[in-house]
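Colleague: pasting the structure only:
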């Protein structure tokens, strides 16, 4: 897909930005115990990729791969030890579905 991983900018890194934000969002939901810390984590997970948008695509690929690995490891550990985070409904303050 990328011919030159030294190029940067939104045009080259938009897919990395999307993947990183989504993976960070789910990692934040898994690891948060309350909505306040979840919102802080979500805001940070949106800000950092946008700060890195001008970096070369190769570096952004590394950052995105690291974020995905972090999500997989966190998911595995939290499922193994039965640690529950919050849901999107809880984050948005919606009533529980029964």
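Modeller: Good, I have the coordinates. Please read all numbers here as calculations on a predicted model, not as lab measurements.
Colleague: tell me the buried residues in the helix or strand hosting residue 61?
Modeller: Element membership for residue 61 (DSSP states H and E) is helix 57-80. Neighbour counts using 16 or more other Cβ atoms under 10 Å place 57, 60, 61, 63, 64, 67, 68, 71, 74 of helix 57-80 among the buried residues. (Glycine included, C-beta is placed from N, CA and C.)
Colleague: same deal with stretch 29-43?
Modeller: 29, 30, 31, 32, 38, 41, 42.
Colleague: tell me the mean pLDDT for it?
Modeller: Mean per-residue pLDDT for stretch 29-43: 96.
Colleague: where in the chain is pLDDT low?
Modeller: 1-2 (pLDDT under 70).
Colleague: can you map out the strands along it?
Modeller: Ranges of strands in the chain, per DSSP state E: none exist.
Colleague: how about the helices in it?
Modeller: 10-31, 35-51, 57-80, 88-92 (DSSP state H).
Colleague: report the contact partners of residue 56.
Modeller: Neighbouring residues of residue 56 by Cβ atoms under 8 Å, 6 or more residues apart in numbering: 5, 6, 7, 8.
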